[in-house]
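**Q** here is my input, please return the structure:
(one chain, ligands or ions: 4)
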Amino acid sequence: MDGAGFPETRSTCPYCGVGCGVLLRADGQGGLDVRGDPDHPANRGRLCSKGSALAETVGLEGRLLAPRIDGQDATWDDALTLVADKFRAAIDTHGPDSVAFYVSGQLLTEDYYIANKLMKGFIGSANIDTNSRLCMASTVAGHRRAFGTDTVPGTYEDLDEADLVVLVGSNLAWCHPVLHQRVLAAKQARGTKIVVIDPRRTATCDGADMHLPLQPGSDVALFNRLLVTLYEGGALDNAYLRHTQGFDAALDAAFNDKTAVTGLSDAQIDAFCQLWMRTEKVVTVFSQGVNQSSSGSDKVNAILNCHLATGRIGQPGMGPLSVTGQPNAMGGREVGGLANMLACHLDIENPDHRAAVRDFWQAPAMPEAPGLKAVDMFRAVGDGRIKALWIIHTNPAVSMPDADAVRTAIKGCDFTVVSDITAQTDTARLADVLLPATAWAEKEGTVTNSDRTISRQRAVLPATGQARPDWAILAEVGARMGFAKAFDYATPAEIFREYAALSGIAGRLGRDFDISGLKGLTDAGYDRLTPTRWPVTEARQGGRFFGDGAFFHADGKARLLPVSHRAPAAKTAPRYPFRLNTGRVRDQWHTMTRTGLSPRLSAHLAEPFLDIHPDDARAQGIVPADLVRVTSPQGRAILRARITDAVQPGQVFAPMHWTGETAPSARIDALVAPVTDPVSGQPESKASVVAVQPFAAAWYGFAVSRTDMVPDCAYWARMRTQAGWRAELAGEAPVADWEAEALRLFGLPQGETAVILDAARGIARVAVFAGGRLQGALFVAPEPVAVMRDHLATLPGQEAHGVLSGRPPADMPDPGPVLCACFNVGVGTLLRAIEGDGLLSVDAVGAALQAGTNCGSCKPEIAALLRAAQVREAAE
Ligand SMILES: Nc1nc2c(c(=O)[nH]1)N[C@H]1C(S)=C(S)[C@@H](COP(=O)(O)OP(=O)(O)OC[C@H]3O[C@@H](n4cnc5c(=O)[nH]c(N)nc54)[C@H](O)[C@@H]3O)O[C@H]1N2
Ligand SMILES: Nc1nc2c(c(=O)[nH]1)N[C@H]1C(S)=C(S)[C@@H](COP(=O)(O)OP(=O)(O)OC[C@H]3O[C@@H](n4cnc5c(=O)[nH]c(N)nc54)[C@H](O)[C@@H]3O)O[C@H]1N2
Ligand code: SF4
Ligand SMILES: [Mo]
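**A** Numbering: from 1, shown residues only. Ligands and ions are numbered 1, 2, ... in the order given. Just a heads-up that it's a prediction; the model follows:
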């Protein structure tokens, strides 16, 4: 059946905070067609590589199908009763603060609301925190300090109308690709200038007019200099400043800051400040390079100060814009998912706010003070203060700083529950009780994207196995803990109506988040809900905030904050001379439990790596493709070195994605220091200190296999391919029998093998066949193995006669690593076309090979290949 008979359903992409609309069509056999929704205001039909590959990630592979207690399948009834009893017992014996929930910005609003209601209203503790603490907490703190509430003033349309877009600590091209396309479209249409402020040269710098490679953590000093320039250049908006307080103190602090700490030249700084000053329509976009810092909140306020001082806020084409990471980072902030917030942007410290929520919920117990923030929460788990912990929709054993210590803490906790869709994750392995949740495309609810637009996620596939929606699991535990009346919901629509009604009370208390206009939504209305920007009240709907100068502090005025440069908390020293920056790659999502299932997405970068500057590599004796050992005061890792001047001397960069499941020696958060911003509690994930040395491997290996491999050596990284799996390997101890080792690796008791051995040179090549078809092949050498990896990865399951040669036949050129994930075009193919056919532009490449013509996320990389080819040609 081709599925064309099934109707298309509108939903929202489950990855980043752009919140793109998708059209889904189930094929009736568990499969799915996915395309961009041309009517969604966030993307107008566009999708990036991750969104385009969603259909490859919704299968049964890896799913948790039934509840488990101590590793054994159990009934829902037993599992839920056990969870309720254990939480109840801990609360009765040790008080409500002896339990905690650690949740996620990927939960739907309805899930999140129930988790928050159960913990804050009924258990009576504020010990619910979320991975948004690692993500958006500094922005929340900065917004609240400046505006009185956590309000995003502008909208995505501002990006279309701006004349200058400044990207601070944001790799938009890879992390918010559809917004990046929107900015590039504005550049084409109206000549919008783009500035990137990032210590690293990223894919986002392609297409930018200016890149300021500042020293890590020095953003406050740069924006303080901008404030001084605005003052000295007469660019202040004095009428607007009457709606604010604190300008003089902010300016004094700015005058006292020194720009030398940025490492930028006066000319660079001046060019940036003049451009910003002279361009009225400026949007300053910021993300993790700002938030994930021990001065994250001050960085946010340094940016907001400049927009407030010029009145460039809440007007078309101007304003600060925090781009959110997770699909419902905003919704989580709105429902009060952070330990220091109440629902609907109400404040936990405010007795009137507490009373309003208590009365509305008819709550027996409300906490009066904030609960434990993520880093402190896992410390409390570690020292035994938390007796029962419930982790939902997040993988903290990988993503928290000091991840080895977090793993030990979770393991040692008296009782840990994990709700996930994946059976085996680093965190799920530590759980006493595992609860299977329904996944995206199986569940119903709402999410809010970076520009306050609430969109529906809709179910088009049946629940997998015994999986249940997260809200339903939480509500059932609430009922079993004795709160049946408060958690008696039949549908997410009921939850949404209750939440919308509560927001009306928040609105009357003078808060920004008010969607009371939706409280009367019928079930059918909820089903039909189209993307809607909040607020939604009788008086107003959507739009921008603060153009009118009305703020949410008691006196109605905004605050400019005096902020001063503070260097990152960890200091480099002879023992740890490098600063470790971490972040994302284009085609993987966090701990890879979903994107890692897609062969297409896994082909872009198939291995964890460390980017290091050529000067540093030379000084440390590191050559290309070496493995390196990276050590910090917290932990250690082994990664593949990529020698590149995209990073500055003294700085190294590694991705955050690899885990105990995919590359156990590359869990980068094991190295990250658990230091936090004093205001927001957000960890400094981008500025730890490390040492880097070559890793002395006795042998290196590369393997491809039809089935999953179970490597057992100092370094390994495995990835999904179309034909099965591929793995990079390296060991410290010599291996006596490579044939036996290959059979063990491929999980085969025996097999027809073909072997090439050259013991003297340390070379071994083993291929294993069954029924004449290749099951697996292993290539070993004393230095990094030189074989055609992308070609070999296609061979498992084929007759593959020449496999042990390690290269394709002459008439079949190696496609190379996938660069365009949408059309599966490799670097090798691109280079041959660029050089062989003399292609000169990204458009010409698109016309010849289709590469870059769908989502466009790979255009910066195609441009880089073209430039490199032109440089080579010029040099010849
Ligand atoms: N492909 C992909 N996209 C994603 C995600 C994903 O996992 N994969 N995750 C989503 C989530 S949850 C989030 S939060 C967003 C994150 O989106 P981004 O914030 O854009 O991503 P990061 O790579 O974490 O970091 C951005 C940049 O900050 C820079 N940086 C480091 N230190 C500093 C500094 O001191 N100052 C400045 N100015 N810059 C600095 C880094 O070099 C890096 O390039 O991405 C979302 N989108
Ligand atoms: N060093 C370093 N560390 C970082 C960062 C960094 O830049 N550098 N970034 C930080 C940031 S911004 C973020 S947002 C975090 C992200 O880090 P995490 O939240 O830990 O990462 P995810 O892989 O998104 O984890 C989501 C989990 O939920 C599961 N899941 C998927 N769908 C569902 C569902 O519907 N229900 C349930 N119950 N489970 C589901 C997935 O299988 C997966 O195990 O990492 C942070 N850690
Ligand atoms: S930009 Fe990509 S990952 Fe983000 S919402 Fe859109 S399609 Fe999904
Ligand atoms: Mo995030």
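**Q** list the contacts for the most far-flung residue of the chain relative to its centre?
**A** Distance to the chain centre peaks in the chain at residue 760, reaching 46.6 Å (criterion: Cα atoms, centre = their mean). By Cβ atoms under 8 Å, 6 or more residues apart in numbering, no residues touch residue 760. Every C-beta, even on glycine, is put in place using the N, C-alpha and C of the backbone.
**Q** over to the one 4 residues further on?
**A** The contact partners of residue 764, by Cβ under 8 Å, 6+ apart, come to 738, 755-758, 778-780.
**Q** could you export stretch 532-540 as CSV, CA atoms only?
**A** Provided in CSV are the C-alpha atoms of stretch 532-540 (Å, rounded to 0.1, in the frame of the first residue of the first chain):
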residue,chain,number,x,y,z
THR,A,532,-1.1,30.5,18.2
ARG,A,533,1.2,33.0,19.7
TRP,A,534,0.6,33.9,23.3
PRO,A,535,-0.8,35.9,25.1
VAL,A,536,-4.3,35.0,24.2
THR,A,537,-6.8,37.0,26.1
GLU,A,538,-9.9,39.1,25.3
ALA,A,539,-7.7,42.2,25.3
ARG,A,540,-4.8,41.0,23.2
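**Q** got the buried residues for that stretch?
**A** Using 16 or more other Cβ atoms under 10 Å as the test for burial, stretch 532-540 gives 532-536.
**Q** near ligand 3, which residues of the protein? Just list them.
**A** 13, 15-16, 18-20, 43, 47-48, 50-51, 176-178 (Cβ under 6 Å from any ligand atom).
**Q** so which of those belong to helices?
**A** 50-51, 177-178 (DSSP state H).
**Q** filter those residues down to the buried ones.
**A** Looks like these have 50-51, 177-178 buried, using 16+ other Cβ under 10 Å.
**Q** just the residues you listed that are near ligand 4?
**A** Among those, no residue sits close to ligand 4 (Cβ under 5 Å from the ion).
**Q** how about CSV for those residues, with pLDDT and distance to residue 376 added?
**A** Shown next, in CSV, are those (pLDDT from 0 to 100; distance: Cβ to Cβ, whole Å):
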residue, pLDDT, distance to residue 376
50, 97, 32
51, 97, 35
177, 97, 34
178, 98, 36
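**Q** contacts only, for the nearest residue to residue 772 once chain neighbours are set aside.
**A** Distances taken as Cβ to Cβ, 6 or more residues apart in numbering put residue 799 closest to residue 772, at 6.0 Å, once the chain neighbours are dropped. Applying Cβ under 8 Å, 6+ apart to residue 799 gives the contacts 772-774.
**Q** do the same with residue 189
**A** Residue 189 neighbours (Cβ under 8 Å, 6+ apart): residue 160.
**Q** quick one: secondary structure of it?
**A** Per DSSP: H, G, I helix; E, B strand; the rest coil, the local secondary structure of residue 189 is helix.
**Q** show me what from the stretch 601-750 of the chain comes close to ligand 1.
**A** Counting by Cβ under 6 Å from any ligand atom, the stretch 601-750 of the chain sits next to ligand 1 at residue 686.
**Q** all helices for the stretch 601-750 of the chain, in order.
**A** 614-620, 738-745 (DSSP state H, counting those that start in this stretch).
**Q** nearest to ligand 4, out of those helices?
**A** The closest approach between ligand 4 and any of those, judged by Cβ to the ion, belongs to helix 614-620 at 28.7 Å.
**Q** no more questions from me, cheers.
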